[in-house]
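> What shape does this take:
(one chain, ligands or ions: 1)
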Amino acid sequence: MTKLNDYDKAVETYEPVLGLETHIELDTNTKMFCGCSTTFGAEPNTQTCPVCLALPGALPVANKAAVEATIKIGLALNCHIAEWTRFARKNYFYPDMPKNFQTSQYEEPLCENGYVDVVVEGKEYRIEIERVHLEEDTGKTLHVGGATGRIHGATESLVDYNRAGIPLVEIVTRPVPGTGALAPEVARAYTAELRDIVRALGVSDVRMEQGSLRCDVNLSLNLPGQPWGTRTETKNVNSLRSVERAVRYEVRRQSALLDAGERIFQETRHFQEATGETRAGRSKEEATDYRYFPEPDLAVMEPSREWVERLRSELPEPPRKRRERLQAEWSLGDKEMQSVVNADAIELIEATVAAGTTPSGAVKWWLGELSRRANESGEELAALAITPAQVAQLQGMVDDGRLNDKLARQVIDGVIAGEGDPADVAAKRGLEVVSDTGALEAAVEEAIAANPAVADKIRGGTHAAAGVLIGAVMKATKGQADAGTVRQIILDKLS
Ligand SMILES: [Zn+2]
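Residues are numbered from 1 along each chain as shown. Got it, this is the predicted structure:
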């Protein structure tokens, strides 16, 4: 049983130092060093050729689109783009790597010395980028016959080389000290920002759950004023939430070991999605020496300054600027916008608004009911079985007075259970607003009588003030009334 400290106590005593290594699969049409297709989901080993299978005599040629995409990522991360750069062989044996080396970059990466600024709880943190380099992905091993899909218990293992040679960009930060108790949130904010930057560039779909963005989280602890501790590296953390959980877990685990006078081993660990734990993998202290050397089969690259400047001029609106623009367009306060960002709901809200809903309607559902459900089930918001178009339809029915919020929540149950679009669910489940106009008129009269000053405002033309009266009527009718109808009755009576 792994001993864990209480998180808050751990960060009172120790200072965490973060480091993040991110791999991003590029969306190029062809592989990094050959013309094979990169389309996902093809029959195993149908997208291979002598180059990506490493047959004798095959010669690689670098993919220009991948180099351009990497330069764009470097520029968007404020990096210097090398004037002279080359590939290197990283030698190790693994069955899903046909060449017995990975073509990567070593001492001469394409991009260096950049930074990303992230804001967490109102404070800005600068995450320095050490390097951005280009390499190729490995194939995939499938273990067949066991219950778990792991090698243990499997009767045979199969290798699919379709992924071997797909361009991969690795982005490495410098160590990030000074985050204190907010280390998990800073790690998450950085990963989210990086994902948004790359998504805006349109060079990868950066889907963590599908593995096109994979994150390794480094963490060490030290006492204040002491040198940095030994770090562990937690591999392939596949969601923003898991990045946060992995950091939190390592802080709790490492601090318990240090408190007990034990040492931290420099090792690779694996994040367990189901339990939120990290488990020891191979120890780095006996790690292989990769015997890097310059790749003799590929020419060096000297990106011209004209090329780099042209790519710089093509960069899209940075995500941070975009957030500021959307915040203004959606008329959200800083706190509300921060909640949208924390819930990872920008794209969802943008798509819901694009599908025809007001920003406030879209924000209401994604930050309210749907966030609550995502939290309960431990899912990312985007993973919920409801689309922005369905949320827009739902809010449309609320706007039309066919549903009130309470009924709408029951409709969401049906949509998430796979019963179809909101209109279908409402029809099948018989969910519709029952409005007895006589009772509603009486409730409105009561609300007007109880709030004469508000009524005067509405008479004076301030229709927004009707919200107060609507609220009173909804309360009186225990939420069964349709807000749109109530609003209409109020306005009819007062204008
Ligand atoms: Zn190929």
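
> and Leu403, how many neighbours?
Other residues lying near Leu403 total 26 when counted by other C-beta atoms under 10 Å. Where you see a C-beta, it was placed from the backbone N, CA and C, and this is true even at glycine.

> Spell out which parts of the chain neighbour the ion.
Contact residues (C-beta under 5 Å from the ion) of the chain with the ion: 34, 36, 49, 51-52.

> Ranking by neighbours, what's the top pick from these?
Cys52 leads the residues of the chain next to the ion on contacts (other C-beta under 10 Å) with 26 neighbours.

> doesn't Gly165 make contact with it?
Yes - contact criterion C-beta atoms under 8 Å: Cys52 and Gly165 qualify, at 3.7 Å.

> what is in contact with those two at once?
Both Cys52 and Gly165 are contacted by 31, 33-34, 36, under the criterion C-beta atoms under 8 Å, 6 or more residues apart in numbering.

> returning to what we had before: Serialize the residues of the chain next to the ion to JSON lines and add fields for secondary structure.
Listed next are those as JSON lines, based on DSSP: H, G, I helix; E, B strand; the rest coil:
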{"residue": "Cys34", "secondary structure": "coil"}
{"residue": "Cys36", "secondary structure": "coil"}
{"residue": "Cys49", "secondary structure": "coil"}
{"residue": "Val51", "secondary structure": "coil"}
{"residue": "Cys52", "secondary structure": "coil"}
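
> what's around the nearest residue to Ile81 once chain neighbours are set aside, how many residues?
Nearest residue to Ile81 in three dimensions, chain neighbours excluded: Val308, at 4.9 Å (C-beta to C-beta, 6 or more residues apart in numbering). If you count neighbours by other C-beta under 10 Å, Val308 ends up with 19.

> Could I get the contacting residues of the nearest residue to Gly180 once chain neighbours are set aside?
Leaving aside its sequence neighbours, Gly180 sits nearest to Val11 (C-beta to C-beta, 6+ apart; 6.1 Å). By C-beta under 8 Å, 6+ apart, Val11 lies in contact with 180-181, 183, 251.

> Please indicate which of these are buried?
Among these, those scoring as buried are 183, 251 (criterion: 16 or more other C-beta atoms under 10 Å).

> Max pairwise distance over the contacts of Val11: which two?
Gly180 and Val251 (10.6 Å; C-beta to C-beta).

> what touches both of those two?
Common contacts of Gly180 and Val251, defined by C-beta under 8 Å, 6+ apart, comprise 11, 16.

> about what we covered before: can you add pLDDT and give the shared contacts of Cys52 and Gly165 back as TSV?
Formatted as TSV, the shared contacts of Cys52 and Gly165 follow (pLDDT from 0 to 100):
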residue	pLDDT
Lys31	98
Phe33	97
Cys34	97
Cys36	97
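
> just checking, Arg373 touches Ile416?
Yes - counting by C-beta under 8 Å, Arg373 touches Ile416, with 7.3 Å between them.

> okay, and the common contacts of those two?
Common contacts of Arg373 and Ile416 (C-beta under 8 Å, 6+ apart): Leu384.

> shaky segments in the stretch 1-150 of the chain?
Residues of the stretch 1-150 of the chain meeting the criterion pLDDT under 70: 1.

> where exactly do the strands run in it?
Shown for the stretch 1-150 of the chain, the strands assigned by DSSP state E, counting those that start in this stretch span residues 15-25, 80-81, 88-91, 101-104, 111-120, 123-136, 140-144.

> same question, the stretch 151-300 of the chain
For the stretch 151-300 of the chain, the strands defined by DSSP E, counting those that start in this stretch cover 156-160, 167-173, 213-222, 232-237, 267-271, 278-283, 293-294.

> Now mean neighbour count and mean pLDDT too, for the ones you listed, in a markdown table please.
What follows is the strands of the stretch 151-300 of the chain, written out as a markdown table (neighbours: other C-beta atoms under 10 Å; pLDDT from 0 to 100):
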| stretch | mean neighbour count | mean pLDDT |
| --- | --- | --- |
| strand 156-160 | 14 | 92 |
| strand 167-173 | 23 | 98 |
| strand 213-222 | 24 | 96 |
| strand 232-237 | 20 | 91 |
| strand 267-271 | 20 | 91 |
| strand 278-283 | 14 | 80 |
| strand 293-294 | 13 | 95 |
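
> okay, those strands in JSON lines with distance to Thr2 next?
Formatted as JSON lines, these follow (distance: least, C-beta to C-beta, whole Å):
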{"stretch": "strand 156-160", "distance to Thr2": "30"}
{"stretch": "strand 167-173", "distance to Thr2": "27"}
{"stretch": "strand 213-222", "distance to Thr2": "15"}
{"stretch": "strand 232-237", "distance to Thr2": "13"}
{"stretch": "strand 267-271", "distance to Thr2": "11"}
{"stretch": "strand 278-283", "distance to Thr2": "9"}
{"stretch": "strand 293-294", "distance to Thr2": "40"}
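
> Compare the ones you listed and give me the one nearest Glu25.
That would be, of the strands of the stretch 151-300 of the chain and by C-beta to C-beta, strand 167-173, which comes in at 5.8 Å.

> And the residue of the stretch 51-200 of the chain closest to the ion?
Of all residues in the stretch 51-200 of the chain, Cys52 sits closest to the ion, at 3.2 Å by C-beta to the ion.
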